[in-house]
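S.K.: The sequence and its predicted three-dimensional model are supplied below.
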Amino acid sequence: SENGSGGGRSGALSAPPPVLEEAVQKIDVNPPKGTRDFPPEEMRLRNWLFHNFREVSRLYGFEEVDFPVLESEALFIRKAGEEIRDQLYCFEDRGNRRVALRPELTPSLARLVIQKGKSVPLPLKWFAVGQCWRYERMTRGRRREHYQWNMDIIGVPEVTAEAELISSIVTFFKRIGITASDVGFKVSSRKVLQEVLKCYSISENLFGKVCIIIDKIEKIPIDEIKKELKSVGMSEEAVEELLQVLSIKSLTKLEEILGGAGEAVADLKQLFSLAENFGYSEWIQFDASVVRGLAYYTGIVFEGFDREGKLRAICGGGRYDRLLSTFGGDDLPACGFGFGDAVIVELLKEKGLLPELSLQVENIVCALDPDLQGAASTVATILREKGQTVDLVLENKPLKWVFKRAGRINAQRLILVGNTEWQKGMVGVKILSSGEQYEVKLDELE
Ligand SMILES: OCc1cccc(Br)n1
């Protein structure tokens, strides 16, 4: 097209099109393995989902933030043997820097908090919706990207922060029609693990590794779990005791085992009490086996699960009080969660709760004569300036084509710009649902 700065093709209509240098190689029109396109229908569903993420975040007074998809690899290199590390989508860029496509948002958020330092008053309540990546052998045909909604509270050491975050997820579920009969949250605290390891004088630096092993408890055989725990230095007795404690599903039982003096029991009791106040007690249950698969969690952890047990975890999060200091920042208490865009859609499909989202256009405007294309453009502009949606027919098309397109785009009314009416400063209007039609002065069109 003419680019207006004299750089357009001069005499474009006369010059023959340039001869293609080489035969055009037919490209693969599919997106890279493990990634998705979002054509209009899928994009409407994604926008609907993200709109609900953002509405809930707004209801809770959170501010939106974002970060680059590309981060320094160092942000994600942790030594605890996490799956997220094994699947890091990392490479060396042209400046020989080790970089990675972010596998999660929390480290970027922590980096930004440290960068902002004292310029941002605490507590921070930030949320983000961003694409995250992993490079997994496609043998399992799993996706390599998904979008995550994250909400994080920085600067609040009390369990009130975790209680608030779980409340926000419950609010989200309710907004989209999911109930406590469909979904629950398994809640525990890594301090349970910490207190057991301490009983067996197992050093703190094994903590992250043990958590990552325990997180696989439902994914690999229990003998493999025991083998891995022993391989990091736990005794047979410690392993048995730990697995015994992790099978506890009641806070009362946990208190019997650990005693009431520890932080784990106190935190969990406070969380369950706050759940009463928030009104979401029926949504949560204590389950000592929940540790989550990220090494940096230090306290309460939780994960949303479908009660029919057909799907992977819907969301998950917890407290991570040490992450900022491991990045060289001040020791700041922090907690947050991640909520992926894929499992929730599978759940909505299961429950028949996918929303009906179709394209809606208020007007389709069409010139009945090629000489009236300009007039049609004027009519479209008048309507758009009134905030109305308009699909303007851009070519000289037969009315049959126009009516067919009007049906496809769910247009509510057809605006016809014809010579006779235009001479009188009027246009034709046809209400497509009723068939009613009339003429109206352009300046009375609304
Ligand atoms: O849930 C872990 C994860 C991280 C990045 C991309 C995808 Br798909 N899944």
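M.R.: The structure has been received and is ready for your questions.
S.K.: Just the closest residue of the stretch 151-300 of the chain to the ligand, please.
M.R.: Taking CB to the nearest ligand atom as the measure, the point where the stretch 151-300 of the chain comes nearest the ligand is Gly293, at 8.5 Å. Just so you know, the C-beta spots here come from the backbone N, C-alpha and C atoms, and that holds for glycine as well.
S.K.: and the closest residue in space to that residue that isn't next to it in sequence, how many neighbours does it have?
M.R.: Using CB to CB, 6 or more residues apart in numbering and skipping residues adjacent in sequence, the residue nearest Gly293 is Asp215, 4.1 Å away. Residues lying near Asp215 (other CB atoms under 10 Å) number 22.
S.K.: any idea which helix or strand comes after the lowest-mean-pLDDT helix or strand in the chain?
M.R.: When each helix and strand of the chain is scored by mean pLDDT, DSSP states H and E, helix 83-86 comes last, with a mean of 86. Once helix 83-86 ends, the next helix or strand along the chain (criterion: DSSP states H and E) is strand 89-92.
S.K.: Please enumerate the strands of the stretch 151-300 of the chain.
M.R.: Taking DSSP state E, counting those that start in this stretch as the test, the strands found in the stretch 151-300 of the chain are 183-189, 284-286, 300-306.
S.K.: Show me the one of these that comes nearest Tyr438.
M.R.: Closest to Tyr438 of the strands of the stretch 151-300 of the chain, according to CB to CB: strand 183-189, at 51.2 Å.
S.K.: List the residues that contact the residue of the stretch 151-300 of the chain closest to the ligand.
M.R.: By CB atoms under 8 Å, 6 or more residues apart in numbering, the contact set of Gly293 is Glu82, Glu83, Ile84, Ile212, Asp215, Lys216.
S.K.: any idea how far it lies from Gln148?
M.R.: When distance is defined by CB to CB, to the nearest Å, Gly293 is 14 Å away from Gln148.
S.K.: Going by secondary structure, the residue positioned nearest the centre of the chain is in what exactly?
M.R.: Nearest residue to the geometric centre of the chain (CA atoms, centre = their mean): Gln148, 2.7 Å. For Gln148, the host element (DSSP H and E) is strand 145-154.
S.K.: and that strand, is it in reach of the ligand?
M.R.: Yes: Strand 145-154 is in contact with the ligand by CB under 6 Å from any ligand atom, via Glu145, His146.
S.K.: buried set for stretch 150-162?
M.R.: Asn150, Met151, Asp152, Ile153, Ile154, Val156, Val159, Ala161, Glu162 (16 or more other CB atoms under 10 Å).
S.K.: what is the orientation angle of the helix ranked longest in the chain with strand 145-154?
M.R.: In the chain, taking DSSP state H as the definition, the longest helix is helix 40-59. Put simply, helix 40-59 runs at 0 degrees to strand 145-154, going by axes from the mean of the first three to the mean of the last three CA atoms, to 10 degrees.
S.K.: all helices of the stretch 101-250 of the chain, in order?
M.R.: Along the stretch 101-250 of the chain, counting by DSSP state H, counting those that start in this stretch, helices occupy 106-116, 160-175, 190-199, 207-214, 222-231, 236-246.
S.K.: a markdown table for those, including distance to the ligand and mean pLDDT?
M.R.: Converted to a markdown table, those look like this (distance: least, CB to the nearest ligand atom, whole Å; pLDDT from 0 to 100):
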| stretch | distance to the ligand | mean pLDDT |
| --- | --- | --- |
| helix 106-116 | 12 | 97 |
| helix 160-175 | 16 | 98 |
| helix 190-199 | 19 | 89 |
| helix 207-214 | 14 | 89 |
| helix 222-231 | 21 | 95 |
| helix 236-246 | 22 | 92 |
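S.K.: TSV for these, including distance to Val379?
M.R.: Output for the helices of the stretch 101-250 of the chain, formatted as TSV (distance: least, CB to CB, whole Å):
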stretch	distance to Val379
helix 106-116	47
helix 160-175	38
helix 190-199	64
helix 207-214	63
helix 222-231	70
helix 236-246	69
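S.K.: Show me what residue of the stretch 251-400 of the chain gets nearest to the ligand.
M.R.: Counting by CB to the nearest ligand atom, the stretch 251-400 of the chain gets nearest the ligand through Gly340, at 5.9 Å.
S.K.: Pull the contacting residues for that residue.
M.R.: His146, Tyr147, Gln148, Ile314, Cys315.
S.K.: near the ligand, which residues of the stretch 201-350 of the chain?
M.R.: Proximity of the stretch 201-350 of the chain to the ligand, by CB under 6 Å from any ligand atom, involves residues Gly340.
S.K.: switch to 8 Å and redo it
M.R.: Applying CB under 8 Å from any ligand atom, one finds that the stretch 201-350 of the chain approaches the ligand through Gly338, Gly340, Ala342.
S.K.: measure the second one to Lys430 for me?
M.R.: In other words, Gly340. 45 Å.
S.K.: swap in the first one?
M.R.: Look at Gly338 and Lys430: by CB to CB, they are 50 Å apart.
S.K.: For those two, indicate the residue with more neighbours.
M.R.: Gly338 (21 against 17).
S.K.: I'd say that one and Gly316 touch.
M.R.: Yes: counting by CB atoms under 8 Å, Gly316 is a contact partner of Gly338 at 6.4 Å.
S.K.: any low-confidence regions in the stretch 251-400 of the chain?
M.R.: By pLDDT under 70, the stretch 251-400 of the chain has no low-scoring segment.
S.K.: Tell me which stretches of it form helices.
M.R.: 251-258, 263-278, 323-326, 343-351, 373-385, 399-408.
S.K.: Which of the ones you listed sits closest to Lys310?
M.R.: Lys310 sits nearest to helix 343-351 of all the helices of the stretch 251-400 of the chain, at 6.8 Å, using CB to CB.
S.K.: List the contacts of that closest one.
M.R.: In contact with helix 343-351 (CB under 8 Å, 6+ apart) are residues 45, 49, 176-178, 182-183, 306, 308, 310-315, 353-354.
S.K.: Name only those of these that count as buried.
M.R.: Burial by neighbour count, 16+ other CB under 10 Å: within those this picks out Leu45, Leu49, Ile176, Ile178, Asp182, Val183, Asp306, Ala313, Ile314, Cys315.
S.K.: now the residues you listed in CSV, with distance to Thr420?
M.R.: Converted to CSV, the buried ones among the contacts of helix 343-351 look like this (distance: CB to CB, whole Å):
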residue, distance to Thr420
Leu45, 44
Leu49, 48
Ile176, 51
Ile178, 56
Asp182, 59
Val183, 61
Asp306, 62
Ala313, 65
Ile314, 60
Cys315, 61
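S.K.: Max pairwise distance over those: which two?
M.R.: Leu45 and Ala313, at 20.9 Å, using CB to CB across those.
S.K.: ok so, going back, right, so of the strands of the stretch 151-300 of the chain, which gets closest to Pro17?
M.R.: So among the strands of the stretch 151-300 of the chain, strand 300-306 is nearest, using CB to CB, at 55.9 Å.
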